[in-house]
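A.B. asks: give the three-dimensional model of this entry:
(chains A, B, C and D)
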Amino acid sequence: MSPSSTVAPVVCLGCGCGCDDLSISVSGGRIVDLAPPCPLARAWFGDGTVPAAILRASQPATLDAALADAADVLAAARGRVLVVLAPDISTQAQQAALTLADVLLAAVDTATSEPAAAGLLAAQRRGRAAATLGEIRNRADVLLFWGVDPTPRYPRYVSRYAIEPVGTHVPAGRAGRTVISVAIGADRGPAEADVTITLAPDDEVAALSVMRAAAMGNTLGELPAALAPVAEAATRLVNARYAVVVHDAEPGNEPRRDPYRAEGLIALAQALNGPTRAALSSLRAGGNRSGAEAVLTWQTGYPMAVTYRYGAPRYTPASRGIGWAVAGGAAAILVVGAAASLGSTLTDVAGRTPVVVVGPRATEAPFPARVAIDTGVAGIHEGGTAYRMDDVPLPLRPPLPGQRSAAETVSALLTAVRARGTRP
Amino acid sequence: MSAPDRLRIAGGTVYDPANGVDGEIRDVCIEGGRIVERLPADAPTLDAKGMVVMPGGVDIHAHFASSSCNHARRLAPDEHAADPAPAPALSEGEGPPRSGTGGTVPSTFTTGYRYAGLGYTTAFDAAVAPLTARHSHSELDDTPCVDGGIFVLMGNDEYLLRQIEAGERDRARDYAAWLLQATGAYAIKIVNPGGVEAWKTGQRNVSGLDDPIGGRSVTPRAILETLADAANALRLPHPVHIHCNNLGVAGNYATTLASMEALAGRRAHFTHIQFHSYGGGGGQPWSSAASRIIEYVNAHPEVSTDVGQVMFGPAMTITADAPVEYLLHKSSGRRWTNIDVELETGCGIVPLTYKDKAAVSALQWAIGLELFLLSTDPWRVVLSTDHPNGGSFLAYPALIELLMDRSVRDERLKQVNPKLLAGSALADGLAREYTLGEIAIITRAGPARLLGLTHKGHLGPGADADVTIYSRDPDIAKMFSTPRYVVKSGAVIVEEGQLRRAPAGRRLHVAPGYDQTVLRDLRRHFDRYSTVAFDNYPVRDVPGEPVAIA
Amino acid sequence: MSGLLARLTSPLAAPADFSAVLAGGWTGSPAAELATRPVEIAGAGTVPLGDLCSVSGEPDGTIRFEGDFRRAVRLGAGLSEGMVVVDGTAGDEVGLGMAGGAIEVRGDAGARTGAAAIEARRGMTGGELVVHGSVGDGAGALMRRGLLAAGGAVGHHAGAGMLAGTIVAFGPLGPSAGLWSKRGSLVALGAVTIPSTYRYACTYQPIHLRLLFTRLRERYRLPVEERHVSGRYRRYSGDLADLGKGEILEWTAE
Amino acid sequence: MNLRGAFIEDTFAEAFTMRVARIIITARSPRWAREAALKLTGFATSVIGCKVEAGIERVLAESETPDARPGISILLLTMSKDDMAKRLIERIGQTVLTCPTTACYDGLPEAPDRVGVGSALRFFGDGFQASKVIGGERFWRIPVMEGEFLVQEKFGMVKGVGGGNFLILARSADAALASAEAAADAMAGQPGIILPFPGGVVRSGSKVGSRRIKSMIASTNDAFCPTLRAVADSALPESVNSVLEIVINGIDANAITRAMRLGIDAACREGVVSISAGNYGGKLGPHHFHLRRIMAESAA
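C.D. replies: Purely as a prediction, here's the structure:
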């Protein structure tokens, strides 16, 4: 039994907060404790054990044989391959996966949720006013939580970034901040708010519009009673030194979401920069999802939904890759990353289309895979870089190194595919 | 076929201004990635008879590998869709060639390929927020063909402002040294000193060198002095790289002159001075103050500049000077991204089109040309478009043509809106035409010298074997946009105008020494205010050894 | 009408993307050439139009689509010329980002009729899109120029982010009409809920509507009534959450 | 050649190429269309002094106007395209924009040559103006106190003919006037023409230049002034004691020919000695309207 040790500071990819101050206690090749005791971090790190198997047609196989088979499958399907950048891999693994996608003339999809995708598209139309998380910590004196209480899904957002901390320009910490909570249907705001507003889902975009009109200094007629409190909140935002609007870019509890919500939030935060300074903080899930979007952007110009099928990247946000595969368009699928996140999406497709999975717990994928190669998890077993929800890149300091590397495995797969000839 | 270890570029007309060679027919010998004195007679030969041979181009100031650039890429899917860039047909044995997209901010691989296709073999990203340096290095990993690095943003950073406020200039210097190393950067970049912090506080901007910043007793002047002194004391190869206050504001030439005077006697590089050479303001229309600025530069050998020429067409303004971008957004109505970067700096992005029929665009274009044409020392007034702010780096050949051919310039001048050109020396007819030797200075030898890159920008023995070979063409723009051969670190990467190899570039960064006692204070600062742990902050795996400090 | 005729030979089994059929130039193309244009069928890849439709007739700048095109999406997307008639009901995203020419749908049309492609910053930049029946949600989003008219109801979020142009609803106009419109007009001849960020200006007779109605009646046979032509309209300015130079013109019996 | 006792001289009217625009004014009632039209066409007899020649072409029924309201069409003629743009902007701006309930449209939609009018007048809207493209044409909506003024962005123009004419040589001033009135009445409302002078009639025919003052462009046509018969080189037969001229501007030569035929036919009545026409020997204007040819075709 190996002696116990502590690794710190470690980045947690359990959510998009990307807290990088964790101390991980390791003993006997397992994680035995961590601090601070964030529930999401506990779930993310677990005891750090992951399978390290390789399966080919559900049978154990050698790495070489699995790579050879995977390469055969992928090379044969060149031009009709879907590459999924699934979560929990490093930026370096994502870079390697995109190289492979380019060589395979593949379509690429990411774990970007539909609400998050709507936000990306809206930001392409309008730009956006944002800030890194530390700027919220250091400057925000009025915070508007738009249908989100961060605590369940982003447990340390409130203590590390938004409400509680002392900042360079908020020396009084919590006492120096006004917190406005807006509940929208089933999406509640934080309990510790100073002001609470409740909106029906049908009113949320109208409410954003009313606030934006106020930020622009436009006078409106008499408002319906449901929107009057929002106008008051707008006054607080306008009078802030540094206003921050926080929302969850991932699916929430409220099923009825206005498709224009993301754009409304972006537009409001931009407009608030007329009378004051303001930023929109978009809460994003973890697992280096933001990294996938960053790498895709620098390699292709587009943050998601790209296809290399036509010889150069083309943007296809209207028909995302997984949808294309589900509809039968793909002849082979390569999942790089944690397949568990794909849930049942690929179950039907995997029955008729060969799927290769390289990533954490690949051999436990919730669908039949032609080839599954387990790797370590980024940030637990594998180093490299991962991105926080605010696009700040963080170095991964794996507390349990030694698992098969996703980045290296994908590179090996690339070599095998190239050996099969990739020129038409 | 792998790249030959040895290569004789035979019989070309060589322009190597750093070594006093101005259009002489001679051989350039390469061995082991370096220029050598001579080679055995049986060494492989590249026949360059009748061709023009120059060192590889060196871009002293561009924006192509940063978190900000990536935000800008996201903002322009339409540009990418209009400019797909299929993978080049590289030679067998090369790594997989990569497809990408162009537009004003091309994807990384495409950026590297296009730089190489232009005969540029070294380039620096001139504005990287320290917090995102790791991102820049990742992008540079995916930007082949060019050696390069990053300039790290300082001058609006909380820690520095606190040191200046406390009179701790030595600690500020040590901090600068630490930050350069922590970010794997090559030089210190100042953008709108204090103005970005002012923007973030709600003060919105500073208007001159002596404005207090965000209620502190720190001024832009103090920031300039502190960092210029730090860079010089640390003996950095490149002095502090300054984007002055009041960029793009009518009448800003006065601020620019005041900044130059504030640092008189100190080595300093003032970047994209075109954007800082405007007269007018205070109710007066915009006008050119190029001659005022260039007179100062001509007379002060410690000052160096790049021009930041505006070229007509689409551009993407990307800058840490976030308050400027807000104003640009309001005046143009175009989309706008702003990212406040904690404790350090800002980032603003607005797509823009410079139209020759727009009076201000035409003035900016003319001012840039005036600066070039009135410069008496090409070694200190080098070429840039502040890519992609004033135009794409792909516009360099067109710019070179404007400098070399007065008739082209005059023709173009006739097509632009003349409304604000009264008082512009260009409108009065500047006859100067740059020679090939001078072009070699402003595009390679000069930038390399200003950057302190002793192995770049020349063809003397020991230099990096980065060579660009052009077929002579009466169409100057065409000649410079399609080099016949490009040699990078001794390997022929462009053959007959086609990119055939795409080696990874070398990372150029510095690691000046400093008093480590600053670390304890810094750690305290990080623990209190930063959301990134002090131990996670430095980029630990910057490839390549730091450039030696003389 | 003579001209070209595309008659569906068998029902569409899956959603089929027609965006490549009429984008760019087509009016000069003979039937045989049009029959080769690609239609992407969800999951089944790309087939030539001729596999789905019999294409006949002589080019004269018009084409008629006959059959059940409910599963056809993006019919007439990017249209820049000519007259397109869909004899029955069309699917989603008819006339997406069209730039010119005219589309007349004799039945209903689906969601995002005449809207912008989701990655685009502009929707229709010109032309006329007339639907005799109802139109789905998100119609005319980001319209830059042009005319979208529906003989029936129009869904929610019509004209969202409009830069200019005109949307006319003979039936009820759904909620969030004109959201964040900069300029442009929504003309509501039926019921409409005015968003909170639009402000009432006056009740008057906008003369330009008379021109518009004349055109809709004469060219497209829409059911324009005298009360529409000579009636009075309540003008609301908005969206005041944006530039505020747009309007909703609500017909009133007052 | 004689027509009802009037001698048709073997001569021709010599006319010039001018730019013609047609504008359509509509209003809530015929009254306000007419008020605007009268103001707009006021003081527009001759380019020599008015820079533009204008007149009401005809009254339009509701079914004939773009917005299905009562309307009036007007022709304006100038010597150049630039002049036309200026005149349209100043006249529409001063007389139609100001007039209650009116709107103003281009009446030559097919003309490829177009000048911006609404595009200039829109600035009166001080940023509150809005435009609409309907059927491929852009219109400007300019807010005014009454409501909105709608004006088309561009107006077409074609090369037309100015200065078509004939002269009525009569025994007495009464006979000349009665003849001219009859001619003008017969020609009124004919499509494609206007009679730019008061009531369609001119008494002050002119000759080119002046005998005395170099700078004058035109001076009285002494050869046709009955009072000068004894002292000038007169062109008038002994029996003629008064001459009146009808000047016709048109959208093309055919329109003028048709109108002249009607006008001359009506003019030939009791007391008219002969019908003549003004020309400069055929050297100045490209359009020649031969009186006998016109009237012969009429007979045929």
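A.B. asks: from here on, just use CA atoms for contacts and neighbour counts.
C.D. replies: Fine.
A.B. asks: check contacts around the residue of the stretch 151-254 of chain C found nearest chain B.
C.D. replies: The stretch 151-254 of chain C approaches chain B most closely through C:L243 (10.3 Å), counting by C-alpha to the nearest C-alpha. Taking C-alpha atoms under 8 Å, 6 or more residues apart in numbering or on different chains, we find C:L243 in contact with C:W180, C:S181, C:K182, C:R183.
A.B. asks: one more: B:K200?
C.D. replies: B:K200 neighbours (C-alpha under 8 Å, 6+ apart): A:Y242, A:R277, B:D340.
A.B. asks: change it to 7 Å
C.D. replies: A:R277 (C-alpha atoms under 7 Å, 6 or more residues apart in numbering or on different chains).
A.B. asks: before we move on, what about C:V168?
C.D. replies: Listed by C-alpha under 7 Å, 6+ apart, the contact partners of C:V168 are C:L148, C:A149, C:A150, C:L186, C:V187, C:A188.
A.B. asks: so the second one sits in a strand?
C.D. replies: Yes - counting by DSSP: H, G, I helix; E, B strand; the rest coil, C:A149 is found in a strand.
A.B. asks: beta partners of it?
C.D. replies: Beta-bridge partners for C:A149, by DSSP bridges, are C:V130, C:V168.
A.B. asks: any idea which element D:D185 lies in?
C.D. replies: helix D:173-187 (DSSP states H and E).
A.B. asks: per-residue pLDDT, the residue of chain D found nearest chain B?
C.D. replies: Nearest residue of chain D to chain B, counting by C-alpha to the nearest C-alpha: D:G127, 15.7 Å away. As predicted, D:G127 sits at a pLDDT of 94.
A.B. asks: which phi and psi does it have?
C.D. replies: Per-residue torsions, D:G127: phi 90, psi -10 (degrees, to the nearest 10).
A.B. asks: quick one: average confidence on the helix holding D:D185?
C.D. replies: For helix D:173-187, mean pLDDT rounds to 97.
A.B. asks: for the very next helix or strand once past that helix, name the packing helices and strands.
C.D. replies: Per DSSP H and E, the first helix or strand lying C-terminal to helix D:173-187 is strand D:193-194. Applying 3 or more C-alpha pairs under 7 Å, 6 or more residues apart in numbering or on different chains; DSSP states H and E, one finds that strand D:193-194 contacts strand D:53-60, strand D:242-250.
A.B. asks: count of residues packed around residue 61?
C.D. replies: Just so you know, I chose chain A. A count of nearby residues for A:A61, using other C-alpha atoms under 10 Å in any protein chain shown, gives 17.
A.B. asks: was after chain B, sorry
C.D. replies: 26.
A.B. asks: check the gap between it and chain C for me.
C.D. replies: 31 Å (C-alpha to the nearest C-alpha, to the nearest Å).
A.B. asks: grab the nearest non-local neighbour of that residue.
C.D. replies: Spatial nearest neighbour of B:H61, excluding adjacent residues (C-alpha to C-alpha, 6 or more residues apart in numbering or on different chains): B:A126 at 5.2 Å.
A.B. asks: on the three-state scheme, that neighbour is what?
C.D. replies: Under the three-state scheme (three-state DSSP), B:A126 adopts strand.
A.B. asks: doesn't B:D59 make contact with it?
C.D. replies: No - between B:A126 and B:D59 there is no contact under C-alpha atoms under 7 Å: 9.8 Å.
A.B. asks: what are the buried residues along the lowest-mean-pLDDT helix or strand in chain C?
C.D. replies: Lowest by mean pLDDT, DSSP states H and E among the helices and strands of chain C is strand C:45-48, with a mean of 91. Buried positions in strand C:45-48, judged by neighbour count with 16 or more other C-alpha atoms under 10 Å in any protein chain shown: C:V47, C:P48.
A.B. asks: please apply the same query to stretch C:16-29.
C.D. replies: Buried positions in stretch C:16-29, judged by neighbour count with 16+ other C-alpha under 10 Å: C:A16, C:D17, C:F18, C:S19, C:A20, C:V21, C:L22, C:A23, C:G24, C:W26, C:T27.
A.B. asks: quick one: which of these sit in strands?
C.D. replies: C:A16, C:D17 (DSSP state E).
A.B. asks: please name the nearest non-neighbouring residue to residue 252.
C.D. replies: Looking at chain A here, since you left the chain open. A:D187 (6.5 Å).
A.B. asks: my question was about chain D, not that one.
C.D. replies: Among residues not flanking D:D252 along the chain, D:G160 sits closest, at 4.8 Å (C-alpha to C-alpha, 6+ apart).
A.B. asks: so the one you found makes contact with D:A15?
C.D. replies: No - look at D:G160 against D:A15 with C-alpha under 7 Å: they stay out of range, at 10.0 Å.
A.B. asks: the two: which has the busier surroundings?
C.D. replies: With neighbours defined as other C-alpha under 10 Å, D:G160 and D:A15 compare such that D:A15 has more, 26 against 23.
A.B. asks: in the stretch 301-450 of chain B, which spans are strands?
C.D. replies: Here the stretch 301-450 of chain B has its strands, by DSSP state E, counting those that start in this stretch, at B:303-306, B:313-319, B:336-341, B:345-354, B:381-382.
A.B. asks: which one of those has the most crowded surroundings?
C.D. replies: Among the strands of the stretch 301-450 of chain B, ranked by average contacts under mean count of other C-alpha atoms under 10 Å in any protein chain shown, first place goes to strand B:381-382 (a mean of 30).
A.B. asks: just list what that one packs against, helices and strands only.
C.D. replies: Checking 3+ C-alpha pairs under 7 Å, 6+ apart, strand B:381-382 ends up next to strand B:303-306.
A.B. asks: pull the residues that contact the strand it packs on.
C.D. replies: B:267-273, B:297, B:380-384.
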